[in-house]
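Visitor: Need coordinates for the following:
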Amino acid sequence: MREGGGGPVKMSWRRSVEPGPGPGPGPNPDPVSPALLAWAAAVDVTLLSDKTAKSAERFLRDYRHMSSLAARREIALRLRAAIEAQISPIPPATISSMDVIATVVSARRKILG
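Guide: Numbers count the residues shown, from 1 in each chain. Coordinates of the predicted model:
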């Protein structure tokens, strides 16, 4: 506090975050689309091969480090096509490839325990 009761000292270099309703500070995440939620609840990943699952996990782990956005997009599209050939139902076209890959990896982990 400043002398004279003027309130706390402002530190212009210090960033502040508005508290959100969730646990801890931070901005609220984007809401999940109803189409993604419905598809994620219905997707059957039991026929997903180990090779495809491992490729998807590797991609999710490494995509942030890929310097080329075009290469990242191409790999994601190829991986999505491989995933769509092994699951049912296929995801709606409105769902991004990253969401498809992440959802399938998560669903597979749940069934494998």
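Visitor: quick one: contacts for Thr46?
Guide: Ile111 (C-beta atoms under 8 Å, 6 or more residues apart in numbering). (C-beta placed from N, C-alpha, C; glycine too.)
Visitor: burial of the residue nearest to Thr103 when sequence neighbours are not counted, as a residue count?
Guide: Excluding the flanking residues, the one nearest Thr103 by C-beta to C-beta, 6 or more residues apart in numbering is Ala40, at 4.9 Å. By other C-beta atoms under 10 Å, 18 other residues sit near Ala40.
Visitor: In what element of secondary structure is Ala40 found?
Guide: helix 34-42 (DSSP states H and E).
Visitor: what packs against that helix?
Guide: Counting by 3 or more C-beta pairs under 8 Å, 6 or more residues apart in numbering; DSSP states H and E, the packing neighbours recorded for helix 34-42 are helix 97-112.
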